[in-house]
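Engineer: Everything below, folded, please.
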Amino acid sequence: MQEDGRIIQHQKAEDKVLGYLYNPHSDKLKLASFSVNEGADTKRNLWQLGLDWDEKVPSDVLSSWSLLCSELNELKNIEIERCAFLPSTSNSLFIFCDASTSCYGFAVYSIGKSSNLIFSKAKVCPLKSRALPSLELLVTSNIFKFISRSKGLDENSDRRAQLYWLKQMQQQCFSKEISFLMNPKKDEIQLIVNQLNLFIDDNGILRSRGRIAKTLLYNYDIVFLAAAFATLYLMYIRFRATYDHNHDTFRIEFLVLPTAILSLVINHDFSPLEILWTFSIYLESVAILPQLFMVSKTGEAESITSHYLFALGSYRGLYIFNWVYRYYVEGFYDLIAIVAGVVQTVLYCDFFYLYITK
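Structural biologist: Predicted structure coming up:
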């Protein structure tokens, strides 16, 4: 896969990765320990001979090296399955080891109804000569290291590896979304996060609840807007004759101009959509002032108007609990919306007092 997300289809059956033959379709391992150890053994012999770079290599060393080069082509015919599917029946772990004056190593097999090579390791002996029992102890030490490391593997090892690689890929591809969820703030990525309903689960994996989970919220917004337009229809068309022109003297310019200027000065981002959103929040927080001014001036209000204002004020008051809930559950808060909601609730306090007492 390329950096831009395009998938490259392998055309050749065998590719070279860092000098190793690799078949991307069968995904099989190649046995390389033989060639590595033989080459290291040849270098070891040269070190022991103490030859300079311009001295002729002895014939026995040259013949062994030539034999190794001729056998290298045969290594590609040796293939080992990367994944050993062990049957459900009991299996025994057999470890075969051997040591010589030149190298030592071991191979681990799982043997039951079928045999599988699990692990193999070989090393060239140190330059300092050692007795064979000492080399056999080195083999035994490597075996016990392998067994002790294998004890840490359990049935959840694959899942932990999967989660690790998922996190790595998500950090590369969705770093902005993850950063926003970890530290919520007004950002251009917020729209995508809200639309896809993204969240980070207990394992630290970025997940999506999908757009369907937001359906009820969208339906709620539609109902709320429809109710608001219906109220405007009743006030300005259906019951226009009941409108009190004499007492409704509050100048609307006193609200629109200050909130417009404030939205240009204090906002999350100086962009058209962000400024319009901020202006609507500021204007909504003080939009009740003309009605409260008229109620305070006359000392009375119609029954339907009083009930409507009380319901609207209660809605804004309860909205504060929404921000508290989202802060503790999602870690999200919007300072502009919270302050505007508190200001609007405070402005309703005078009306609440009149509504309850009268």
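Engineer: What are the boundaries of the helices in the protein?
Structural biologist: Taking DSSP state H, the helices of the chain run over residues 33-49, 59-71, 132-150, 157-173, 175-182, 190-196, 215-233, 253-265, 272-286, 289-298, 303-330, 335-357.
Engineer: Which one, of those, ends up nearest to Ser90?
Structural biologist: helix 132-150 (17.2 Å; Cβ to Cβ). Where you see a C-beta, it was placed from the backbone N, CA and C, and this is true even at glycine.
Engineer: Contacts for the closest one next, please.
Structural biologist: Helix 132-150 is contacted from outside by 95, 97-101, 104-106, 108, 119, 121, 123, 125, using Cβ atoms under 8 Å, 6 or more residues apart in numbering.
Engineer: so can I have CSV of the helices of the chain showing mean pLDDT and distance to Ser90?
Structural biologist: Compiled in CSV, those are given as follows (pLDDT from 0 to 100; distance: least, Cβ to Cβ, whole Å):
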stretch, mean pLDDT, distance to Ser90
helix 33-49, 65, 29
helix 59-71, 78, 38
helix 132-150, 73, 17
helix 157-173, 83, 21
helix 175-182, 80, 45
helix 190-196, 66, 48
helix 215-233, 72, 53
helix 253-265, 88, 74
helix 272-286, 85, 67
helix 289-298, 75, 82
helix 303-330, 74, 49
helix 335-357, 78, 64
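Engineer: Could you dump these into JSON lines with distance to Ala241 and mean neighbour count added?
Structural biologist: Formatted as JSON lines, those follow (distance: least, Cβ to Cβ, whole Å; neighbours: other Cβ atoms under 10 Å):
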{"stretch": "helix 33-49", "distance to Ala241": "98", "mean neighbour count": "15"}
{"stretch": "helix 59-71", "distance to Ala241": "106", "mean neighbour count": "12"}
{"stretch": "helix 132-150", "distance to Ala241": "88", "mean neighbour count": "14"}
{"stretch": "helix 157-173", "distance to Ala241": "62", "mean neighbour count": "12"}
{"stretch": "helix 175-182", "distance to Ala241": "52", "mean neighbour count": "16"}
{"stretch": "helix 190-196", "distance to Ala241": "43", "mean neighbour count": "14"}
{"stretch": "helix 215-233", "distance to Ala241": "14", "mean neighbour count": "10"}
{"stretch": "helix 253-265", "distance to Ala241": "26", "mean neighbour count": "14"}
{"stretch": "helix 272-286", "distance to Ala241": "28", "mean neighbour count": "17"}
{"stretch": "helix 289-298", "distance to Ala241": "17", "mean neighbour count": "16"}
{"stretch": "helix 303-330", "distance to Ala241": "14", "mean neighbour count": "14"}
{"stretch": "helix 335-357", "distance to Ala241": "24", "mean neighbour count": "15"}
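Engineer: For stretch 96-108, give the mean pLDDT please.
Structural biologist: Across stretch 96-108, pLDDT averages out at 79.
Engineer: got the buried residues for that stretch?
Structural biologist: 97, 99, 103-108 (16 or more other Cβ atoms under 10 Å).
Engineer: partners of Asp98 in the sheet?
Structural biologist: Gly105 (DSSP bridges).
Engineer: quick one: it and His307, what's the gap?
Structural biologist: In this structure, Asp98 and His307 are 94 Å apart, going by Cβ to Cβ, to the nearest Å.
Engineer: For Leu72, state which of the buried residues of stretch 96-108 is nearest.
Structural biologist: Distances from Leu72 to the buried residues of stretch 96-108, taken by Cβ to Cβ, are shortest for Cys103, at 17.5 Å.
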